[in-house]
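>>> sequence first, then the predicted structure:
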Amino acid sequence: MKGQGYSRVEEGSAQLPEERQFKRVLIGVSVAVVLFALAFLVLTLVKSSRSPQDITSNWFVAWGTWAGGLGTAAAFLIAAFSISVASAHARLDRRQATEIREDKDMAQARLLIIYKVEDEHSIPSLATYRIENRSRDFFFDVTVPYVDSPYGSDASIECRTADLVAQDNRLGEFIPTAEQLTPYRDHTDHEAWFTLVTVHTSDARGIRFAVEYTDAGGRRWRQELGGEITRVHTLKAVPIRPPDRFQPPQQIRRLSDVELRRFGSGFSKGLEPLESDEEFLEVIEASNVECWKRIGRIEDIVVEADDAGDRTAGLHVSVTFSPKAPPLWGDHFRGKLAESGLCYAGGDSQYTQTDRFRCPPQVDTAGLGYLIDAAIKYANDRFEENELAAARRALDARRNRTRPSS
């Protein structure tokens, strides 16, 4: 951001360069006039004492001619430098007026605040940043064009965009695009005065991104993570959002306990264990209970070294199965693999599901297929015996309550 601008009051006795030059010209002209007058007096006295007959009108005319030339030159210099000083003051006034106008233009833009969210529930590998509108007016088209995030064991920079987040479907990631932020502490069912940036990372200290937004006066701005604001000159209007482009629920409120349990044990730590059949049904959802089908692996297991060609650096293991796992099933599957040293490292899902794991290099990759298939069978059995059975009982009880009596 620009500073507060130049101020003559703050500078105190400091002068403009043109003022200093004008002062030197005045001193020089004054010295020249004094020297000329002294020379005239001294020479006239000397000449009058040695040859009085030479002191005639021609003597005074000659000196008068020189005095006129000197006065003309002095007047020209003084006028020229006076104009220079006046022009310098005019430029300074215009510059100050421009800086004051730019400062006023940026007044609302400075009230968009970006900071990292850190609390006891924060997940180190899922960095969360909050973008807040602290002003009393709207911000439009709030967009994060990209996020540079260190990712992987080598902390290489990964450029994440909203399109890539939607395409990869990584759990918990969100990058805002064309959001509208309401005034501070004001919100509707579909809009709020803040939004979030959440990305997976191996080192949150290396994350870099910028937020582009339009203020209520139609001025476009770009603010870097860290607070530096620059003006973005554009000839385009604020884009119209599709009717269904509202902020997701997690941008407006905290996740409920049920939603946390659906994300898995990594999110539900600290919650009381489920007790009633109805609670299990609420988490798993009736549609998953009715359509339950045992899960099986559908593709070959992919094993990759963290560092290309260096198998001592650790391994990444990816397994794809179908159908997509219901809530609570993954806790059994990932917990079983954790017993063998495989640590869950994220995944994505749509109709099928892919889970990725980190494992030490000494793991026998030849036996991974058997190990993972056994973990899938174990998760199926445990899920059917416990969570699914409880949810089915609750669903049957619900149907019996709604069934009309004969």
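Received the coordinates, thanks.
>>> assign residue 383 to helix, strand or coil.
helix (DSSP: H, G, I helix; E, B strand; the rest coil).
>>> tell me the confidence at it?
With respect to pLDDT, residue 383 scores 91.
>>> that one - how many residues pack around it?
25 (other Cβ atoms under 10 Å). Just so you know, the C-beta spots here come from the backbone N, C-alpha and C atoms, and that holds for glycine as well.
>>> quick check: it touching residue 332?
Yes - here residue 383 reaches residue 332: they are 5.9 Å apart, a contact under Cβ atoms under 8 Å.
>>> which neighbours do those two have in common?
Residues touching both residue 383 and residue 332 (Cβ atoms under 8 Å, 6 or more residues apart in numbering): none.
>>> and the closest residue in space to residue 182 that isn't next to it in sequence, how many neighbours?
In this structure, residue 182 finds its nearest non-sequential neighbour in residue 193, 4.8 Å apart by Cβ to Cβ, 6 or more residues apart in numbering. Using other Cβ under 10 Å, residue 193 is surrounded by 19 other residues.
>>> show me the contacts for residue 193.
Per Cβ under 8 Å, 6+ apart, neighbours of residue 193: 132-133, 181-187.
>>> secondary structure class for the residue nearest the centre of the chain?
Nearest residue to the geometric centre of the chain (Cα atoms, centre = their mean): residue 210, 3.6 Å. The three-state label for residue 210, taken from three-state DSSP, comes out as strand.
>>> distance of it relative to residue 68?
67 Å (Cβ to Cβ, to the nearest Å).
>>> shouldn't residue 202 be within a strand?
No - assigned with three-state DSSP, residue 202 falls outside any strand and is coil.
>>> which residues touch it?
With the criterion set at Cβ under 8 Å, 6+ apart, residue 202 makes contact with 125, 150-153, 155.
>>> separation between the closest residue to the residue nearest to the centre of the chain other than its chain neighbours and residue 209?
The shortest distance from residue 210 to any non-neighbouring residue, by Cβ to Cβ, 6+ apart, is to residue 224 (4.9 Å). Look at residue 224 and residue 209: by Cβ to Cβ, they are 8 Å apart.
>>> which of the two has more neighbours?
residue 209 (19 against 13).
>>> and the more buried one, what does it touch?
Residue 209 touches 129, 144, 146-148, 197, 225, counting by Cβ under 8 Å, 6+ apart.
>>> could you rerun that using 10 Å?
114, 129, 144-149, 159-160, 175, 197, 199, 224-225 (Cβ atoms under 10 Å, 6 or more residues apart in numbering).
>>> show me the contacts for the nearest residue to it once chain neighbours are set aside.
Using Cβ to Cβ, 6+ apart and skipping residues adjacent in sequence, the residue nearest residue 209 is residue 147, 4.2 Å away. By Cβ under 10 Å, 6+ apart, residue 147 lies in contact with 127, 129, 158-162, 164-165, 173, 175, 197-199, 201, 207-210, 225.
>>> quick one, which of the residues you listed are buried?
When the contacts of residue 147 are checked for burial by 16 or more other Cβ atoms under 10 Å, the buried set is 127, 129, 158, 160, 162, 165, 173, 175, 197-199, 201, 207, 209-210, 225.
>>> looks to me like residue 196 is in a strand.
Yes - judged by three-state DSSP, residue 196 forms part of a strand.
>>> I figured it was touching residue 117, is that so?
Yes - applying Cβ atoms under 10 Å, one finds residue 196 in contact with residue 117, separated by 7.7 Å.
>>> so which elements touch the helix or strand hosting residue 41?
In the assignment (DSSP states H and E), residue 41 maps to helix 17-50. Judged by 3 or more Cβ pairs under 10 Å, 6 or more residues apart in numbering; DSSP states H and E, the packing partners of helix 17-50 are helix 57-105.
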